[in-house]
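S.K.: Okay, structure incoming, though there's no sequence with it:
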Ligand SMILES: [Zn+2]
């Protein structure tokens with residue numbers, strides 16, 4: 001359970017059909033400010049285009065010239081660029097009113113069944129595409145899930161992030177995955193996560209992408225308790241990227257967080273919720289195995305959490321929770 005304590009905890013999953021947004025916490029604002037300054041001009045065009053009528057924002061398949069080629073931006077990347085596939089991916093998710101493919105800063109990178117689309121610049125877009133490429137198969141292996149077409153949106157500004165997520169703020173979210181039964185998922189990453197190229201940001205970007213890919217490929221049900229969905233995603237992301245992020249100041253007492261704690265206005269409450277949910281999963285993995293954690297997560301996605309827990313771990317959730325609380329608090333006291 002060796003984990004680096006960083007002042008960042010993340011992420012979210014949100015259902016298009018509901019409003020169960022989960023909050024995330026971001027205590028470092030420095031990188032966000034830089035991005036906003038350098039790309040402020042793009043937000044105006046994105047916002048105004050979104051007011052256009054249905055479907056007018058995207059070029060038809062017959063006239064894909066609306067998306068500038070990434071190579072014209074000067075960055076060298078070997079990625080395939082496919083404006084038609086980008087347009088299809090946006091249309092399939094009914095995003096054409098929010099995501100303007102005619103924005104001159106909009107670029108698309110297509111790799112297999114993943115479309116990475118954004119205004120962040122081709123070099124950074126290529127970094128995201130490489131991370132998704134690298135992590136997608138490993139996330140699917142770890143979570144026993146199958147592939148599906150994926151759209152990853154990478155806005156350059158907070159205004160675009162808000163427009164593309166339907167009203168979310170980068171103050172609360174570093175990444176959001178939208179899942180809905182029968183519709184291919186899409187992920188929106190916060191500019192602060194992808195703005196810089198220093199080592200810490202790169203590691204954190206990979207962590208956030210891995211976390212969101214867990215949501216995207218496993219399609220959590222709207223009824224899934226957030227401690228299950230977020231704790232599992234944190235654990236898998238931590239394992240695959242060999243990193244973990246929690247509050248500097250971890251909670252001294254443990255409990256299984258309620259859904260409302262993940263979405264709390266108070267950033268500390270939300271940070272603690274992510275921390276505790278992932279710690280419980282790390283505890284389960286240490287007492288059982290990662291494979292059994294996946295079996296539990298999968299079963300909990302289609303039945304009650306208590307029944308899924310008993311079925312996989314052969315013990316009641318309440319009894320194992322009590323054991324975890326005891327061992328957590330003994331460790332916290334020892335570290336204090
Ligand atoms: Zn999440």
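M.R.: Structure's in. What do you need? Bear in mind that the values here come from a model prediction, so they are computed numbers and not experimental data. Numbers count the residues shown, from 1 in each chain.

S.K.: from what I can see residue 292 touches residue 309, true?
M.R.: No. With contacts counted by CB atoms under 8 Å, residue 292 stays clear of residue 309, the gap being 10.4 Å. All C-beta spots, glycine's among them, are computed from the backbone N, C-alpha and C.

S.K.: Mind checking which of these two has more residues around it?
M.R.: residue 309 (23 against 15; other CB atoms under 10 Å).

S.K.: That one: which element?
M.R.: Using DSSP states H and E, residue 309 falls within helix 305-313.

S.K.: helices and strands around the next helix or strand after that helix, which ones?
M.R.: The C-terminal neighbour of helix 305-313 among helices and strands, as given by DSSP H and E, is helix 317-335. The contact analysis (3 or more CB pairs under 8 Å, 6 or more residues apart in numbering; DSSP states H and E) places helix 317-335 against helix 267-287, helix 305-313.

S.K.: in the first one, what counts as buried?
M.R.: Within helix 267-287, the residues that qualify as buried by neighbour count (16 or more other CB atoms under 10 Å) are 267, 269-285.

S.K.: Extract the residue ranges of this protein that are flagged as low pLDDT.
M.R.: 1-81, 196-200, 246-248, 336 (pLDDT under 70).

S.K.: So stretch 260-270, near the ion or not?
M.R.: No. With CB under 5 Å from the ion as the criterion, the ion is not reached by stretch 260-270; the gap is at least 8.5 Å.

S.K.: Now the residue nearest to the spatial centre of the chain: which helix or strand?
M.R.: Nearest to the mean C-alpha position of the chain, counting by CA atoms, centre = their mean, stands residue 212 at 2.9 Å. Applying DSSP H and E as the criterion places residue 212 in helix 199-218.

S.K.: For the ion, what's its nearest residue on the stretch 51-200 of the chain.
M.R.: Distance from the ion to each residue of the stretch 51-200 of the chain (CB to the ion) is smallest for residue 177, at 6.8 Å.

S.K.: did I read that right, that residue in a strand?
M.R.: Yes. Assessed by DSSP: H, G, I helix; E, B strand; the rest coil, residue 177 belongs to a strand.

S.K.: Hmm, residue 187 and it touching each other?
M.R.: Yes. With contacts counted by CB under 8 Å, residue 177 reaches residue 187, the gap being 4.9 Å.

S.K.: Now the common contact residues for those two.
M.R.: 212, 215-216 (CB atoms under 8 Å, 6 or more residues apart in numbering).

S.K.: Just give me the neighbour total for residue 84.
M.R.: Neighbour number of residue 84 under other CB under 10 Å is 16.

S.K.: how close does the residue nearest to the centre of the chain get to residue 230?
M.R.: 11 Å (CB to CB, to the nearest Å).

S.K.: Close to the ion: what parts of the stretch 201-336 of the chain are there?
M.R.: 230, 233.

S.K.: got CSV for the helices and strands packed on helix 317-335, with distance to residue 258 too?
M.R.: Formatted as CSV, the helices and strands packed on helix 317-335 follow (distance: least, CB to CB, whole Å):
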stretch, distance to residue 258
helix 267-287, 8
helix 305-313, 12
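
S.K.: measure residue 316 to residue 87 for me?
M.R.: For residue 316, the distance to residue 87 - CB to CB - is 51 Å.

S.K.: So for those two, which sits in the more crowded spot?
M.R.: Counted by other CB under 10 Å, residue 316 and residue 87 do not tie: residue 87 has more neighbours, with 26 against 12.

S.K.: just checking, what packs against whichever strand or helix holds that one?
M.R.: For residue 87, the element it lies in under DSSP H and E is helix 83-92. On a contact count with 3+ CB pairs under 8 Å, 6+ apart, helix 83-92 meets strand 107-111, strand 114-118, strand 150-154, strand 183-189.

S.K.: And the first one, what's buried?
M.R.: Meaning strand 107-111. In strand 107-111, counting by 16+ other CB under 10 Å, buried: 107-111.

S.K.: and the ion, which of those residues reach it?
M.R.: Near the ion, by the rule CB under 5 Å from the ion, you find none of the buried residues of strand 107-111.

S.K.: Export the residues you listed as a markdown table, with columns for distance to residue 324.
M.R.: Formatted as a markdown table, these follow (distance: CB to CB, whole Å):
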| residue | distance to residue 324 |
| --- | --- |
| 107 | 46 |
| 108 | 45 |
| 109 | 42 |
| 110 | 43 |
| 111 | 40 |
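
S.K.: so which of these comes closest to residue 126?
M.R.: residue 109 (6.3 Å; CB to CB).

S.K.: Specify the beta-bridge partners of that closest one.
M.R.: residue 116 (DSSP bridges).

S.K.: can you pull the contacts of the residue nearest to residue 99 when sequence neighbours are not counted?
M.R.: Excluding the flanking residues, the one nearest residue 99 by CB to CB, 6 or more residues apart in numbering is residue 90, at 5.3 Å. By CB under 8 Å, 6+ apart, the contact list for residue 90 reads 58, 96, 99, 101, 117, 151.
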